[in-house]
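Q: Make a model of this:
(one chain, ligands or ions: 1)
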Amino acid sequence: MSPWDLRKLKLLQQRVTRKPKGSNNWHKAQRKVAKLHEYVANCRKDWHRKLSHQLCDGVGMIFVEDLNLVGLCRGMLGKHCLDAGFGQFFNILEVTCFKHGVFFQKIDPRKTSQICPNCQHETGKKTLAQRIHNCDNCGYTTDRDIAASQVVLIRGLAAVGHTVKMLSEGKNVGFPMTKESHG
Ligand SMILES: [Zn+2]
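A: This is a model prediction of the structure:
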C-alpha cells in the first residue's frame, strides 16, 4: 500500500469512528473504507498479472524460493512482506506459467543468501544492509540478490535433472536469460 493510500485509509477510518455507530453516515463511511481496500487489492492484482506476463515472456523455466510466508511475516521482514502479497503473486505467477507452457517450480529456500553460486562455499549470514556478495573462497563478487537468485537457479536446474555447470566453468547460469541467449 502506498503512503498515499495509507494516509487516505487512516482518514476514512477516522471518519467511520466519528459517525454514530450504525447510522446511515456510518454505513456510508464504512463503504468508502471497503472501496479503498478493494481498489488497492485490484491494483496489486493487476500489477502481479503484468509482472507475471513479463517474467514468462521468452523463458522456459521459472524457479522461486519456496518461502515460508507466515514465518517470514512474523520475523524481521514483518508487515512489508505480507503487504506485498507474495503469496498471491506466486499463485498468479504459477497460473501464468501454466498458461504459457513455462515450467514453474518452488525451490528449497534454505541458505540461498549464504552460499556462493560460483563455488558453493558457505559465506555466512549477511545482514540486510550488506548488498554485495563477496566470496572469500573464490573471490566471486556480485549483488547479493543476484547471487541468491543464481543459487535458486542452480538448485532449480539440479532439481529438474539438468547438468549444472558452475559459473567458473564459463557458463552464466544465473543471469536473466534473454531470448537471444536461448538461441
Ligand atoms: Zn565462491
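Q: wait, isn't Asn15 in contact with Ala29?
A: Wrong residue type there; residue 15 is Arg, not Asn. Yes: if you go by Cβ atoms under 8 Å, Arg15 and Ala29 touch, sitting 4.6 Å apart. Backbone N, C-alpha and C define where each C-beta goes, glycine included.
Q: Give me the more crowded residue out of the two.
A: Higher neighbour count among Arg15 and Ala29: Ala29, with 19 against 16, using other Cβ atoms under 10 Å.
Q: helices or strands next to the host helix or strand of the more buried one in the packing?
A: Secondary structure from DSSP states H and E places Ala29 in helix 24-56. On a contact count with 3 or more Cβ pairs under 8 Å, 6 or more residues apart in numbering; DSSP states H and E, helix 24-56 meets helix 3-18, helix 86-100.
Q: Enumerate the residues of the chain near the ion.
A: Near the ion, the residues belonging to the chain are Cys116, Asn118, Cys119, His121, Cys135, Asn137, Cys138, Tyr140 when assessed by Cβ under 5 Å from the ion.
Q: so which of those comes closest to Tyr39?
A: Distance to Tyr39 across the residues of the chain next to the ion (Cβ to Cβ) is lowest for Cys116, with 43.9 Å.
Q: So the closest one is in contact with Thr123, correct?
A: Yes: Cys116 is in contact with Thr123 according to Cβ under 8 Å; the separation is 5.5 Å.
Q: Name the residues contacting each of those two.
A: Common neighbours of Cys116 and Thr123, counting by Cβ atoms under 8 Å, 6 or more residues apart in numbering, are His133, Cys135, Asn137.
Q: Let's have these in a markdown table, adding neighbour count, secondary structure and pLDDT.
A: Shown next, in a markdown table, are these (neighbours: other Cβ atoms under 10 Å; DSSP: H, G, I helix; E, B strand; the rest coil; pLDDT from 0 to 100):
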| residue | neighbour count | secondary structure | pLDDT |
| --- | --- | --- | --- |
| His133 | 24 | strand | 95 |
| Cys135 | 19 | coil | 94 |
| Asn137 | 12 | coil | 94 |
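Q: out of those, which one sits closest to the ion?
A: Cys135 (3.1 Å; Cβ to the ion).
Q: Outline the domain layout of the chain.
A: Split into domains by automatic domain parsing, the chain comes to 1-57+69-102, 110-183.
Q: Ok, which of those domains comes nearest Phe63?
A: Closest approach to Phe63 among those (Cβ to Cβ): domain 110-183, 3.1 Å.
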